[in-house]
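>>> the sequence isn't on hand, but the structure is:
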């Protein structure tokens, strides 16, 4: 079964924030492009077998049935809707940040 992958506005904003950081603070445009292209590959990989990814460890988020896929220093946080064959990416969250809260994924 192939899933359709959607990226939420907040997840897209997370990725754009990281790209701006890499370009502006590290002056590494090529690195930002490599990171973005790799992120798209990781996201695309969720079209097939998204259940291979673990559930998020945050206890408060278990009610949302979220899973995550690690990409470099980031977590691609998503939920799967089997009935619609859809994966919705809700956040692209840097692993060094505080744990996710309910307000982060609504």
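Noted; the coordinates are in hand. Predicted model, so just to flag it, every value in this text is computed and none were measured.

>>> now do the contacts for residue 85.
Neighbouring residues of residue 85 by CB atoms under 8 Å, 6 or more residues apart in numbering: 1-4. Bear in mind the C-beta positions are built from the backbone N, C-alpha and C, glycine included.

>>> let me have the residues you listed in TSV, adding pLDDT and distance to residue 25 as columns.
Shown next, in TSV, are the contacts of residue 85 (pLDDT from 0 to 100; distance: CB to CB, whole Å):
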residue	pLDDT	distance to residue 25
1	82	41
2	94	38
3	97	35
4	97	35
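
>>> just the buried members of the residues you listed?
Those of the contacts of residue 85 that meet the buried threshold are residue 3, by 16 or more other CB atoms under 10 Å.

>>> and the contacts of residue 85, which is closest to residue 29?
Using CB to CB, residue 4 is the member of the contacts of residue 85 that sits closest to residue 29, with 31.0 Å.

>>> what sits against that closest one?
For residue 4, the contact set (CB under 8 Å, 6+ apart) comprises 47, 84-87.

>>> give me the PyMOL select line for those residues, limited to the buried ones.
Buried residues within the contacts of residue 4, by 16+ other CB under 10 Å, are selected in PyMOL with:
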select buried, resi 87
